[in-house]
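> next comes the sequence, and after it the predicted model I'd like to discuss.
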Amino acid sequence: MAAGLIVLAAILGSVAAALAAPFLIALYMDEFQAAQLFGATAAAYAFFASAIFITLRGKERGLKRVETFGLLLLAWVLLLASGALPLALTTQMSSIDVIFETMSAITTSNASVITSVEDLPRSVLFWRVQLQWMGGLLTLLSIVIVLAPAGVGGLPRRQIALLERVGIGGGGRILKTCMNVGGIYTLLTLICTAGIALSGVSLFDSLCLAAGTVSTGGFMPTEGDLASYDAPLMYPVVFVFMIIGATSILWHRMLFTRRGQLLREHRESYMIIAGIAVLGVLLTLVFSQIPRLPEQSTSAFTPFLDGFFLAASLITTTGFEWSGAQLKYVQPIAIGSIVIVGGGAFSTAGGLKFYRIGGMLLQSFHELNRLVFPHSVQSDRFGGSQVEIGLLKAIWSFLIVAVLLVWGCAAVLTLDGIPFEASIIASLAAFSSMGSAYSPEWNDLGLWPEYVGMPVLSKSALGVTMLLGRIEILAFFGVFNLTYWNSR
């Protein structure tokens, strides 16, 4: 219990420290009421976090696996609650809208009930972006510290030690891992910010866009698309960092430490890049057939730029668009099929992950070959390691539970009055952490509501789906393991 409370206190203290940024922005922008609210909230959070830490320090004990799953769930709920309070105090949104917006931010889902972000105070806008960035960091820490070591959903456990060895930080395994992951994540964000700023974008917008890119969250500080910044050099920066955000942080570590053997064994990140290339070509062919308005760019390279950028945005589940509303020209079912795959296993991207898709395809091909050649000897390696039947079972279990989750969410939305096709797409978008994959523009009759216009029950169902998708679903059910609790 003491160890869990100290971890929660650390999260609350981190939120308190993060509130310093919107507090200072509010002072600079003469948003004095917002500054008072941000400052008071930060002080309260810091007080409670310090009190818990001082009281319980030195009383920690190890946690059992089910307890770590419960702590993980509580950590996400705490980030939701502590992040929602400042948003509720500084805006006029209803309680359900505040919770939905905060949940979308911390799960990097890019689903928003705010109709005009430019009407928000700059300090509030930055807090919304910070929530997205912190959610991306918590996603990585959740995977590396809790989910992957437990093998949840077939997540690979090999090479996690790369983030525990020599690097930033000292102390125990968890502290060292947090420092290394947080250091890499922060460094990538700062480099991305510098690249965007050098392309001609203001520092404030550069920070917001970098946070949305590295976290694969996709929240923007303005309305419209990225081309509205009139900063062409921003294209390669955002394109590259979307891919970085959606590829394995372990792969980044391998590159940085020049682990040649591990880099050769690694498959997932290369498949993500190949997938973006293939999808980019297909989308280029689609966009080249679309007539453009006179005020739009007529360059022969425009379909190519739009196609590859949208391909990266979809596979990484970021949700950015470069120019125009290109997403509406792609069939909703195609969008849903792409985003459900998602990005890398050790990344901030959503979806099932390329790693799991690869594992399921490998086993499927083996079973098909066994039908034709029942006595053949087949490769038993996957992702650079021996195939374990338990790992494949975990992957298939994750798929089944994911399908049930999406189906359940879609059923709730349909019963709540949302059209069936819209319910399916919205549920896939929520699970895959790419809320912008759902768009009312796909329905010419105007029957698909905006997120802000959805009933309370539908918003609640989508919010729960976002959270369960982020904590890999199975960890949630692990918390309620009756065998464990009955044995206590």
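Received, thanks. Residues are numbered from 1 along each chain as shown.
> pLDDT below threshold where in the stretch 301-450 of the chain?
The model of the stretch 301-450 of the chain has pLDDT under 70 over residues 324-325, 373, 375-388, 445.
> now the helices for it?
Here the stretch 301-450 of the chain has its helices, by DSSP state H, counting those that start in this stretch, at 302-315, 332-339, 354-372, 389-415, 420-431.
> can you name every helix or strand that the shortest one contacts?
Helix 332-339 is packed against helix 302-315, helix 420-431, with contacts defined by 3 or more Cβ pairs under 8 Å, 6 or more residues apart in numbering; DSSP states H and E. Using the backbone N, CA and C atoms, a C-beta is placed for each residue, glycine as well.
> nearest to Gln33, out of those?
Nearest to Gln33 among the helices and strands packed on helix 332-339 is helix 420-431 (33.1 Å), distances taken as Cβ to Cβ.
> would you list the phi and psi of Gly343?
Backbone dihedrals for Gly343, given as degrees, to the nearest 10, come out at phi -110, psi -140.
> list the contacts of it.
Each residue near Gly343 by Cβ atoms under 8 Å, 6 or more residues apart in numbering is listed here: 216, 245-247, 272, 315-317, 349-351, 353-354.
> and if you look at Val214?
Per Cβ under 8 Å, 6+ apart, neighbours of Val214: Trp133, Gly136, Tyr185, Leu188, Thr189, Cys192, Phe241, Ile244, Gly245, Thr348.
> give me the number of residues near the second one?
Residues within reach of Gly136, counting by other Cβ atoms under 10 Å, total 27.
> now do the buried residues in stretch 190-201.
Neighbour counts over stretch 190-201 (16 or more other Cβ atoms under 10 Å) mark Cys192, Thr193, Gly195, Ile196, Ala197, Ser199, Val201 as buried.
> on that earlier part again, to Ala3, which of the helices and strands packed on helix 332-339 lies closest?
Within those, the stretch nearest Ala3 is helix 420-431; the backing value is 30.9 Å (Cβ to Cβ).
> what's that closest one packed up against?
Counting by 3+ Cβ pairs under 8 Å, 6+ apart, helix 420-431 packs on helix 332-339, helix 389-415, helix 456-470.
> want to throw the helices and strands packed on helix 332-339 into JSON lines with distance to Arg370 and mean neighbour count?
Below are these laid out as JSON lines (distance: least, Cβ to Cβ, whole Å; neighbours: other Cβ atoms under 10 Å):
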{"stretch": "helix 302-315", "distance to Arg370": "31", "mean neighbour count": "24"}
{"stretch": "helix 420-431", "distance to Arg370": "32", "mean neighbour count": "24"}
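> can you lay out these as TSV showing distance to Arg267?
As requested, the helices and strands packed on helix 332-339 are exported to TSV (distance: least, Cβ to Cβ, whole Å):
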stretch	distance to Arg267
helix 302-315	16
helix 420-431	24
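> nearest to Val129, out of those?
So among the helices and strands packed on helix 332-339, helix 302-315 is nearest, using Cβ to Cβ, at 17.5 Å.
> could you identify the most distant pair in the contacts of Val214?
Top of the distance list for the contacts of Val214 (Cβ to Cβ): Trp133 and Ile244, 14.5 Å.
> same drill for these two, tell me which one is more crowded.
The neighbour comparison of Trp133 against Ile244 (other Cβ under 10 Å) goes to Trp133, with 26 against 20.
> distance of the more buried one relative to Tyr185?
Going from Trp133 to Tyr185 by Cβ to Cβ, to the nearest Å gives 8 Å.
> next one: Gly4
24 Å.
> do Phe320 as well
From Phe320 over to Tyr185 (counting by Cβ to Cβ), the distance is 19 Å.
> for Gly4 and Tyr185, indicate the residue with more neighbours.
Tyr185 (22 against 19).
> and the more buried one, helix, strand or coil?
Recorded secondary structure, Tyr185: helix (DSSP: H, G, I helix; E, B strand; the rest coil).
> next up, the contacts around it.
Gly136, Leu137, Leu140, Val214, Ile249.
> give me the number of residues near the third one?
Leu140 sits with 21 neighbouring residues when counted by other Cβ under 10 Å.
> can we start the residue count at 4 from this point?
All right, first residue 4 from here; so that's Leu143.
> tell me which element it falls in.
Here Leu143 sits within helix 125-144, counting by DSSP states H and E.
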